[in-house]
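Peer 1: Just a sequence and a predicted model for now, questions to come.
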Amino acid sequence: MNPLSKLVESARIAHIFNLMQEPTTPSPVKPQRRHIASDSSADGVDAPEGAGEGSSPLNSPSGKVGPKPSESSNVSRPPVSPKKFFTSSSSGEVTPAASVKVDVKIKPVAKTRGRSHSKKTPNHAPKFPNLKGNISLRAALVWAFVLTCVVGLSFFMLGISAARNTGEVEKPKVYLEITPEIQGVLDGIFTDLQDRKGQMALEKIGQLRTLAPEFSFASILAANAALIEKDLQTAEDESEASLAGRVAESDAFMVQALVVMSRLKDKSYKSMGNPKARIETLLHKAIAADPLEPDPYILMAAVKRAARESREALDFLQSSRLRQSAASDTMVTEAAINLLELEMMLDADLPPLSDQNEAGILNQFSTAYTAMRLENREVAVSNLTRAKESLPPKVFAQILADPAFSTYSKNPQFAEFFKKQ
């Protein structure tokens with residue numbers, strides 16, 4: 001596995017369990033029975049109001065929370081002009097349009113150079129032809145309103161009928177009820193994955209599938225456990241099953257990208273195509289599936305750094321930093337950004353080494369790298385030792401695994417220090 005891919009493993013596993021825990025338990029609402037299409041009426045499940053598609057299977061108090069059926073959108077009624085049903089005269093009389101007799105005398109208009117204006121009445125209202133009729137204005141308005149409602153209701157009923165005939169009426173979903181026994185198995189799986197005990201996690205996932213065959217996150221959990229055990233074929237198959245169920249798609253694409261990374265050592269696999277293009281395609285799909293997840297950006301930065309595309313790698317690292325929330329993850333990414341910027345500099349452009357010890361932890365890593373570039377072992381080891389004392393062991397190990405430092409791990413001056421870590 002690529003060294004930088006280990007930086008996102010814990011965060012990726014935690015992200016899967018965050019998906020399983022969101023959103024919070026919905027407030028109890030009064031259930032309301034609704035009509036269901038003929039193909040799903042046999043289920044006999046009533047969907048409570050307020051339960052949308054985003055409801056989590058892990059937080060349903062009853063285990064049968066289904067999505068709220070999509071409400072039929074109001075069909076816009078075509079506007080109907082009152083002139084279609086009646087006309088009026090200047091005297092206030094209104095007649096139906098079908099029985100109107102119009103007596104209009106057209107007079108020739110004199111040609112003038114300026115703009116022609118119609119002759120106005122004393123009250124400045126334009127003259128209308130004399131119309132005869134006996135229907136009142138109120139009756140005409142009532143009939144116009146009634147006909148408009150009839151037309152709109154007809155379109156509304158046609159829309160409902162079409163939705164039923166095409167199967168657009170949503171079937172109710174029944175979610176899994178998490179019992180204490182199932183929750184205990186899930187907690188054990190999470191612990192095993194964090195401790196990189198893939199085989200034990202796979203055994204517990206087998207128990208989970210026996211207790212709850214319909215549990216949708218089992219495939220992505222099994223994919224991560226198989227990846228830890230380097231069972232690449234199982235990891236790929238389980239990730240495909242997760243994608244087929246449209247569950248944790250971003251994590252499934254990342255697992256597939258890590259599978260390809262792990263197979264790069266196989267020369268026969270390299271001859272089958274362009275692995276780098278395959279990895280980048282999968283990571284772009286992971287980003288599209290969940291744009292707020294930082295891990296695909298970190299993996300993409302690792303791929304770009306391995307290909308010596310430093311500028312693109314820096315862009316992806318900065319994008320991942322904007323999406324991170326944990327302080328430890330942000331520190332690791334900040335250190336990687338600083339080290340990559342120093343890597344891109346020439347020796348003559350490196351900042352001068354200070355005689356005093358650096359105060360900030362990130363500055364200590366930057367100074368240590370600069371000292372390694374300038375072959376100053378004393379300053380490099382001193383700053384790394386002080387940084388190690390200030391950080392949790394896991395965070396320090398992640399930063400020390402950066403390619404900027406791993407380049408000097410085989411250098412005789414620093415090899416002894418790296419062996420002790």
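Peer 2: Received the coordinates, thanks. The structure presented is a predicted model; accordingly, all values stated were derived computationally and were not measured. Residues are numbered from 1 along each chain as shown.
Peer 1: hey, where'd the strands end up in this protein?
Peer 2: According to DSSP state E, the chain carries its strands in the segments 86-88, 94-96.
Peer 1: what is the mean pLDDT for the first one?
Peer 2: The reference is to strand 86-88. Averaged across strand 86-88, the pLDDT comes to 44.
Peer 1: Ok, the last one next?
Peer 2: When pLDDT is averaged along strand 94-96, the result is 46.
Peer 1: Hmm, Ile228 is touching Gly198, no?
Peer 2: Yes. If you go by Cβ atoms under 8 Å, Ile228 and Gly198 touch, sitting 3.3 Å apart. For every residue, glycine as well, the C-beta is placed using N, CA and C.
Peer 1: helices and strands of the chain: which one bottoms out on pLDDT?
Peer 2: strand 86-88 (a mean of 44; mean pLDDT, DSSP states H and E).
Peer 1: isn't Phe405 right next to Ala336, touching?
Peer 2: No. Contact between Phe405 and Ala336 fails when scored by Cβ under 8 Å: they sit 10.5 Å apart.
Peer 1: okay, these two: which has more neighbours?
Peer 2: It is Ala336, of Phe405 and Ala336, that has more neighbours when counted by other Cβ atoms under 10 Å, with 28 against 21.
Peer 1: where's the more buried one relative to Ala401, distance?
Peer 2: 10 Å (Cβ to Cβ, to the nearest Å).
Peer 1: mind checking pLDDT for Gly198?
Peer 2: 95.
Peer 1: Equivalent analysis for Ser27, please.
Peer 2: For Ser27, the predicted pLDDT is 41.
Peer 1: repeat for Ala415
Peer 2: For Ala415, pLDDT reads 89.
Peer 1: Name the nearest residue to it, sequence neighbours excluded.
Peer 2: In this structure, Ala415 finds its nearest non-sequential neighbour in Ser409, 6.6 Å apart by Cβ to Cβ, 6 or more residues apart in numbering.
Peer 1: again, but for Ser390
Peer 2: Ser390 sits nearest to Ile361 (Cβ to Cβ, 6+ apart), 5.5 Å away.
Peer 1: and the gap between the nearest residue to Ser320 once chain neighbours are set aside and Ala335?
Peer 2: Computed as Cβ to Cβ, 6+ apart, the closest residue to Ser320 that is not its neighbour in sequence is Tyr297, at 3.6 Å. According to Cβ to Cβ, Tyr297 and Ala335 sit 16 Å apart.
Peer 1: before we move on, what about Phe417?
Peer 2: Relative to Ala335, and taking Cβ to Cβ, Phe417 is found at 17 Å.
Peer 1: Looking at the two, which has the bigger crowd around it?
Peer 2: Ala335 (25 against 18).
Peer 1: My read is that that one contacts Phe365, right?
Peer 2: Yes. Counting by Cβ under 8 Å, Phe365 is a contact partner of Ala335 at 5.1 Å.
Peer 1: Overlap in contacts, these two.
Peer 2: Ile399 (Cβ atoms under 8 Å, 6 or more residues apart in numbering).
Peer 1: and stretch 277-286, average pLDDT?
Peer 2: Here the average pLDDT along stretch 277-286 is 95.
Peer 1: which residues sit against it?
Peer 2: Contacts for stretch 277-286 (Cβ under 8 Å, 6+ apart): 249-251, 253-254, 256-257, 260-261, 293, 295-296, 299-300, 303.
Peer 1: what about 10 Å?
Peer 2: Contact with stretch 277-286 is made by 2, 239, 243, 249-261, 263-264, 272, 274, 293, 295-304, 306-307, 316, as judged by Cβ atoms under 10 Å, 6 or more residues apart in numbering.
Peer 1: Give me the buried entries from these.
Peer 2: 2, 239, 243, 249-261, 263, 293, 295-304, 306, 316 (16 or more other Cβ atoms under 10 Å).
Peer 1: Out of those, which sit inside helices?
Peer 2: 239, 243, 249-261, 295-304, 306, 316 (DSSP state H).
Peer 1: Leu258 touches Ile298, doesn't it?
Peer 2: No. Shown here, Leu258 and Ile298 do not form a contact pair, counting by Cβ atoms under 10 Å, at 11.9 Å.
Peer 1: related to what we said a few turns ago, if I look at the residue nearest to Ala415, what pLDDT would I see?
Peer 2: In this model, Ser409 carries a pLDDT of 89.
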